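1. Sequence first, then the predicted structure:
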Amino acid sequence: MGIYRGAPGDGAGRRSRGCLPSLPPAAHRRRVHSRHTFSFCTTLTITLVPKMSYTVSVFMKFALAFALLASWAQLVLGAPTASLERRDVFVPPVLYPHAGTVWVKGQRHNVTWDTTNAPVNITNKIGTILLRQGDLTTPLILADGFDILLGRIEVTVPWVLHGSDYSLVLFGDSGNFSPQFTITSSSSI
């Protein structure tokens, strides 16, 4: 319910429902701008809308400034530095063991891979060889800490279940799988 105070002798202090609903638009404008009139609803509209739009404007300016600052920071932090040299990824193919190879538990074998096309700058030259069965890489480390450019490393066949779906994963600069081979418990098979 709005409060309407009109000019003196105009029934000042009477209450009306809403903001001057019975006055025509021209009279409403005249009374709103009159020195002796006060309309609670009109005052709220005049004072709150500009403050709200000012608040929204300040918020939008802050949000835009923050977004620009965040974008600039991401560009600066993501830019490569001049001190880093270009490095290449080296994916040497595993030559041995190959398909059809049979290893016996406890024996020693040389795992070999091709290093003929090695780039000059390799990202990670430290190698690791893991055993893989089927689609899962096991936690068994057969060799680690060697130079990937050696081209071979001797490993001992671990004590695992008999199977024909074993392969090796050669890690260094990247991970490369050997063809599947067999590990058995005796050389008679």
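-> Arrived safely, thanks for sending.

2. So for the longest strand along the chain, what gets flagged as buried?
-> Taking DSSP state E as the criterion, the chain has its longest strand at strand 136-147. By neighbour count on 16 or more other C-beta atoms under 10 Å, the buried set for strand 136-147 is 137, 142-143, 146. For the C-beta atoms, the positions are set from N, CA and C on the backbone; glycine is no exception.

3. helices or strands up against that strand?
-> Applying 3 or more C-beta pairs under 8 Å, 6 or more residues apart in numbering; DSSP states H and E, we find strand 136-147 packed against strand 126-133, strand 152-156.

4. on that earlier part again, closest one to T182 out of the buried residues of strand 136-147, please.
-> Closest to T182 out of the buried residues of strand 136-147 is L142 (15.8 Å), distances taken as C-beta to C-beta.

5. That closest one touches V111, doesn't it?
-> Yes - in this structure L142 lies within contact range of V111 using C-beta atoms under 8 Å: 7.5 Å.

6. intersection of neighbour lists for those two?
-> Residues touching both L142 and V111 (C-beta atoms under 8 Å, 6 or more residues apart in numbering) are 129, 155, 168.

7. Of those, which is the most crowded?
-> Among these, the one with the most neighbours (other C-beta atoms under 10 Å) is L168, at 23 neighbours.

8. For it, give me the pLDDT.
-> Note on L168: pLDDT of 95.
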